[in-house]
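In: here are the coordinates; sequence isn't available:
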């Protein structure tokens, strides 16, 4: 996806579907296109990788051990 790398990517409109409710009303449901779901999943994977390498989010045991070594 060259659009994604170049910054020109724009999501497509959702497919709007109305789901009937038990009280007679309707509930809106937005269904994204497959292309947008792939991009969303790629963003989630990148965020998970960045989060796992962030020092501020290390488990508390590791932080305590590092502070003990510095003391």
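Out: Thanks, I have it. Just so it is clear, the model here is predicted, and its values are computed rather than measured.
In: Residue 14 contacts residue 32, doesn't it?
Out: Yes. Here residue 14 reaches residue 32: they are 5.6 Å apart, a contact under C-beta atoms under 8 Å. For every residue, glycine as well, the C-beta is placed using N, CA and C.
In: Report the central residue of this structure.
Out: In the chain, the C-alpha closest to the average C-alpha coordinate belongs to residue 44, at a distance of 3.8 Å (C-alpha atoms, centre = their mean).
In: element containing that residue?
Out: helix 34-53 (DSSP states H and E).
In: can you check residue 18 too?
Out: Here residue 18 sits within strand 15-20, counting by DSSP H and E.
In: repeat for residue 66
Out: Residue 66 belongs to helix 60-70, assigned by DSSP H and E.
In: same thing with residue 23?
Out: Going by DSSP H and E, residue 23 is not in any helix or strand.
In: Also the one 5 residues further on?
Out: Remark: residue 28 resides in strand 26-31, with elements defined by DSSP H and E.
In: ok, residue 35 - how many residues close by?
Out: Per other C-beta atoms under 10 Å, the neighbour tally for residue 35 reads 13.
In: Run through the chain and note the low-pLDDT ranges.
Out: Within the chain, the ranges that satisfy pLDDT under 70 run 1, 51-59, 71.
In: what residues are up against residue 18?
Out: 26, 27, 28, 29 (C-beta atoms under 8 Å, 6 or more residues apart in numbering).
In: oh, I was asking about residue 4
Out: Applying C-beta under 8 Å, 6+ apart to residue 4 gives the contacts 39, 42.
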